[in-house]
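[1] Need coordinates for the below:
(one chain, ligands or ions: 1)
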Amino acid sequence: MNASLELLAAMLPEDVDAALIASEVNRRYFTGFSSDAGYLLLTKKDAFLLTDFRYTEAARNTARGAEVIEFRKLSETLSGLIGKLGIQSVALEGSGFTINEGLRIEKMLEPAKAVKNEKLDEAIGKLRVVKTTSEIESIMQAQRITERALQDILPMLKEGTVERNIALELEYRMRKLGAEGISFDLITIAGANTSMPHGVPGDYRIRSGDFVTFDIGALYNGYHSDMTRTYAVGEINEKQRRVYNTVLQAQKLGLEAVKAGVKAGDVDKAARDYIYQAGYEGCFGHSTGHGVGLDIHELPTVSSGNETVLQSGMVITVEPGIYIPGEFGVRIEDTVVVTSDGYINLCTIPKDIEYCTL
Ligand SMILES: [Mn+2]
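    A predicted model of the protein is given here:
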């Protein structure tokens, strides 16, 4: 077994002999091997990665810490292993199966008992929430690619450019720079569309006086990055400037609250209180942030009242925004690594309005 599998094996719930992990992201987390099908069976001593013919060679070359077993019929291979290892109860991962698949697997595991509760998922969550150095390096690399791609396309930020062409160009550049793909459908929206936090880039053409929101990220080694910048094209009005600077200050206060030992909810509060006190209550309807890793949104959730205590090595976003329907919106987002005395910001693109006005 490798280090992460050993940690999980030691955290297996008392009442089970093994765990069955099906989700692609968790199979990848624990073995380093990614495939859109397969099962990871973990006992307190051994780990087995069950794959079919399509993945056997790649799995044997790449997977760490688990013995790769090729199956023709999953039910036969699974029951063979269960019998050989004397397994009587198996914890099922909660998020890895559809309900139908879960029921099918439950039958295959017989006579072993399938156990479904949150304990296994909690153990996996506890491991994944604190990143290792190499995980942080992958996120950093994804962020570096994102920033370089963004710098490259800035000349497109002028009157007449179509929103979705910006998204296309960014994706192309990210891939050219070594990204495996994009972290999510890139948000490159302008003008009144910026009032929709997750607006979809369409045929709108940029006009002078528009804000343009970029919520973008690349995928590298399976890891995501996440950053939002709002640019101004040409002259903006006083109201736009006031909203921009309010969000910028709220984001700064949110960041300043980040530190190991602080509750995630307090980071949210630092940013949110400032926005509400500035008179924009009702214009900031989403959480201040979220964890980033193999999933673009993962634990911890940086939301109002969240009691999660931040730990060194967690990677979170701080992304307050103000959205005025029909007019415009502003969001500014950085992804940071929590440290004992604060944070390391993985996003290096400046945020002041002078820099962000083109
Ligand atoms: Mn985000």
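[2] which SSE is residue 268 in?
    Under the criterion of DSSP states H and E, residue 268 resides in helix 264-275.
[3] how about the CA coordinates for that helix, as CSV?
    Output in CSV follows, covering the C-alpha atoms of helix 264-275 (Å, rounded to 0.1, in the frame of the first residue of the first chain):
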residue,chain,number,x,y,z
ALA,A,264,-14.2,28.8,7.6
GLY,A,265,-17.4,30.8,8.6
ASP,A,266,-15.3,33.6,10.0
VAL,A,267,-13.6,34.1,6.6
ASP,A,268,-17.0,34.3,5.0
LYS,A,269,-18.1,36.7,7.7
ALA,A,270,-15.1,39.0,7.2
ALA,A,271,-15.9,39.5,3.5
ARG,A,272,-19.7,39.4,3.8
ASP,A,273,-20.0,41.9,6.7
TYR,A,274,-18.1,44.5,4.7
ILE,A,275,-20.3,44.1,1.6
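[4] What residues of it count as buried?
    By neighbour count with 16 or more other C-beta atoms under 10 Å, helix 264-275 contains the buried residues 264, 265, 266, 267, 268, 269, 270, 271, 272, 274, 275. Yep, even glycine has a C-beta here, placed from its N, CA and C like the rest.
[5] same deal with stretch 170-182?
    Quick answer for stretch 170-182 (16+ other C-beta under 10 Å): 170, 171, 173, 174, 175, 177, 179, 180, 182.
[6] likewise stretch 61-76?
    In stretch 61-76, counting by 16+ other C-beta under 10 Å, buried: 63, 65, 66, 68, 69, 70, 71, 74.
[7] Could you list everything the fifth one pairs with in the sheet?
    Going back to what we said before, that points to residue 69. With DSSP bridges applied, the residues forming beta bridges to residue 69 are residue 50.
[8] pretty sure it contacts residue 49?
    Yes. Using C-beta atoms under 8 Å, residue 69 is in contact with residue 49, at 7.0 Å.
[9] could you pull out the helices for the protein?
    3-11, 24-31, 56-62, 74-85, 99-109, 119-129, 133-153, 163-176, 238-257, 264-275 (DSSP state H).
[10] could you dump the ones you listed to CSV with distance to the ion and mean pLDDT?
    CSV is the format used below for the helices of the chain (distance: least, C-beta to the ion, whole Å; pLDDT from 0 to 100):
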stretch, distance to the ion, mean pLDDT
helix 3-11, 25, 96
helix 24-31, 17, 96
helix 56-62, 29, 94
helix 74-85, 37, 93
helix 99-109, 29, 90
helix 119-129, 16, 95
helix 133-153, 12, 98
helix 163-176, 16, 98
helix 238-257, 12, 98
helix 264-275, 13, 98
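[11] got those helices as CSV, with distance to residue 321 columns?
    Output for those, formatted as CSV (distance: least, C-beta to C-beta, whole Å):
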stretch, distance to residue 321
helix 3-11, 35
helix 24-31, 27
helix 56-62, 40
helix 74-85, 46
helix 99-109, 35
helix 119-129, 24
helix 133-153, 18
helix 163-176, 18
helix 238-257, 6
helix 264-275, 8
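[12] Could you check how far residue 266 is from residue 215?
    For residue 266, the distance to residue 215 equals 24 Å [C-beta to C-beta, to the nearest Å].
[13] Among the buried residues of stretch 170-182, which pair sits farthest apart?
    The two members of the buried residues of stretch 170-182 with the most space between them (C-beta to C-beta) are 170 and 180, at 14.9 Å.
[14] Apart from its chain neighbours, what residue comes closest to the residue of the stretch 101-250 of the chain at minimum distance from the ion?
    Residue nearest to the ion within the stretch 101-250 of the chain (C-beta to the ion): residue 226, separated by 4.1 Å. Take residue 226 and drop its neighbours on the chain: the residue closest to it by C-beta to C-beta, 6 or more residues apart in numbering is residue 217, 4.5 Å away.
[15] Check the contact between that neighbour and residue 227; I expect there is one.
    Yes. The criterion here is C-beta under 8 Å, and residue 217 meets it with residue 227 at 6.6 Å.
[16] Compare these two and say which is more crowded by neighbours.
    The neighbour comparison of residue 217 against residue 227 (other C-beta atoms under 10 Å) goes to residue 217, with 28 against 25.
[17] wait, what's in contact with that one?
    With contacts defined as C-beta atoms under 8 Å, 6 or more residues apart in numbering, residue 217 is in contact with 142, 143, 146, 182, 183, 184, 186, 224, 225, 226, 227, 296.
[18] now do 7 Å
    Residues near residue 217 by C-beta atoms under 7 Å, 6 or more residues apart in numbering: 142, 146, 182, 183, 184, 224, 225, 226, 227, 296.
[19] List buried residues within the residues you listed.
    142, 146, 182, 183, 224, 225, 226, 227, 296.
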